[in-house]
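[1] Task: produce atomic coordinates for the following.
(chains A, B, C and D)
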Protein chains: 2
Amino acid sequence: MDVVEGEIVTQPAVPRSRENTRARLLAAASEVFAELGLEGASVEAICERAGFTRGAFYSNFASKEELLLGLMQQVADQKLERVTERVRELGEDASVHRTVAELVTSILDVGTDGPTGVVLMSEIRTNAMRDKRLAEAYLAWEAAMAERVADIVADVAGAYRLRLRIPAIEFARLVLDIWDATCAFAVISGLAPLAIKSLLTQRTATLAAAVTDSE
Amino acid sequence: MDVVEGEIVTQPAVPRSRENTRARLLAAASEVFAELGLEGASVEAICERAGFTRGAFYSNFASKEELLLGLMQQVADQKLERVTERVRELGEDASVHRTVAELVTSILDVGTDGPTGVVLMSEIRTNAMRDKRLAEAYLAWEAAMAERVADIVADVAGAYRLRLRIPAIEFARLVLDIWDATCAFAVISGLAPLAIKSLLTQRTATLAAAVTDSE
DNA sequence: CGGGTTCGATACGGAAGTGTATCCGATACA
DNA sequence: TGTATCGGATACACTTCCGTATCGAACCCG
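    Modelled structure (predicted):
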């Protein structure tokens, strides 16, 4: 029997734990939000997707707004973490990437989660224009992302003796905005994942080429 | 009495005409959509804002989707027209503007309608990711805008002997995307109109500086 | 004037969503 | 093994919204 494990209790297959329920609700919400829009998604629809009733929902979140805020935090944290990790890897082994564009692409595409993720972020961005708390979280995340990208770009530009024609942080912001806009364009156009990737690479390269000189 | 006017019938203060009703509904919708989101805005709320009941709405539009499509078309047409007009003016008298950034700024800011307009466009862009017809209209508008901007930029760059490091159309797309992202950022940050304008000018200048060389 | 038409208001039935109060089963723990 | 607690389900009362069917007033034209 694979049971006793010191003080750590063994988890049942479907541990009816607060954490697990919250996680399932958050996951369901991110899908339904993307499909129906933040306002269009009813609490009911989210619960159904997660396999719960509204009783479970209100036992875990005070309102849809609270859930959204939690979701924003979760998504931001996880994107940021993945990008940070990737930046760390690249910092150790900078020789792999030949161009700034390639570098940026390999950093950012770990933080892009397919059409659903793009729609969700777009939805959140739009809603941040109305909701103060959401705005705060969104701006903090955006700034942190720019910082990470700027750091590694500055590093690598130095290593390869490229001169940036604008400050690294400005470049990072431009890249992030272009990345975002390009993802949005791709989804609206209904491009295939492969086409999206190549478009992203191309536009990033265009931008990178425009802002860098070899010394 | 200020009444008879030949064959042209004098308009009452509130001419109960189909066109006028549609226009008022569209105007109300653009406000309510921006405030509450496309899905969050009920037909009821739109009618109330316009000073009608739902009877009037369903007599003019088949559904909220139809109204949205009409609104998208109207907004796109009018933005495009204003920008085109501005481009025409600038083409005649190119000497006024000294920098590409200044030029672009003076073109695009005629098409930016304050926070409400920014939110509305963001809302539409997000929704275009789900709605095929909306996507079509949105993409057509975006492409037309890029074309206009590219034309005038190429013109002026030629006149001032500036070399573009990337094709004019690519530059135009970058500028439009950055403009959009910056407007969004400004609204989310709650910047004052003046601050928004200066931020737009600055970022456009940054981008323009990065992509142009004097010959 | 007068009859027809147009257009928005009113009225109605029904569907969907909300938040709460209560219940019940599973788990934890003595 | 018994009991307290926790977490999700169920039930309920209420509001909002929808779309249509019908009504009535203003306008147009003869």
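[2] Contact partners for the one residue sitting closest to the centre of chain A?
    In chain A, the centroid-proximal residue (Cα atoms, centre = their mean) is A:Lys79; its distance is 4.0 Å. A:Lys79 makes contacts with A:111, A:141, A:145, as judged by Cβ atoms under 8 Å, 6 or more residues apart in numbering or on different chains. Every residue, glycine included, has its C-beta placed from N, CA and C.
[3] Show me just the buried residues among those.
    Neighbour-count burial within these applies to A:111, A:141, A:145; the criterion is 16 or more other Cβ atoms under 10 Å in any protein chain shown.
[4] what residues are up against A:Pro90?
    Careful, residue A:90 is Leu; it's not Pro. Taking Cβ under 8 Å, 6+ apart as the test, what A:Leu90 contacts is A:96-97, A:103, A:106-107, A:152, A:156.
[5] I'd like the residues you listed laid out as TSV, including pLDDT, secondary structure and neighbour count.
    Below are those laid out as TSV (pLDDT from 0 to 100; DSSP: H, G, I helix; E, B strand; the rest coil; neighbours: other Cβ atoms under 10 Å in any protein chain shown):
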residue	pLDDT	secondary structure	neighbour count
A:Val96	71	helix	11
A:His97	69	coil	18
A:Leu103	89	helix	24
A:Ser106	92	helix	15
A:Ile107	93	helix	24
A:Ile152	91	helix	24
A:Val156	86	helix	19
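[6] Out of those residues, which is nearest to B:Ala41?
    A:Ile107 (38.0 Å; Cβ to Cβ).
[7] Now the residue of chain A found nearest DNA strand D: which helix or strand?
    Across chain A, no residue is closer to DNA strand D than A:Gly55, which sits at 2.2 Å (Cβ to the nearest atom of the strand). Assigned by DSSP states H and E, A:Gly55 falls within helix A:54-60.
[8] For the helix or strand following that helix, which residues meet the burial criterion?
    Next in sequence after helix A:54-60, counting helices and strands by DSSP H and E, comes helix A:64-92. For helix A:64-92, the neighbour count (16+ other Cβ under 10 Å) marks A:64, A:67-72, A:75-76, A:79-80, A:83-84, A:86-87, A:90 as buried.
[9] Please apply the same query to stretch A:142-149.
    So for stretch A:142-149, counting by 16+ other Cβ under 10 Å, buried means A:142, A:144-146, A:148-149.
[10] would you list those residues in a markdown table and tack on secondary structure and pLDDT?
    Output for those, formatted as a markdown table (DSSP: H, G, I helix; E, B strand; the rest coil; pLDDT from 0 to 100):
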| residue | secondary structure | pLDDT |
| --- | --- | --- |
| A:Glu142 | helix | 98 |
| A:Ala144 | helix | 98 |
| A:Met145 | helix | 97 |
| A:Ala146 | helix | 98 |
| A:Arg148 | helix | 95 |
| A:Val149 | helix | 95 |
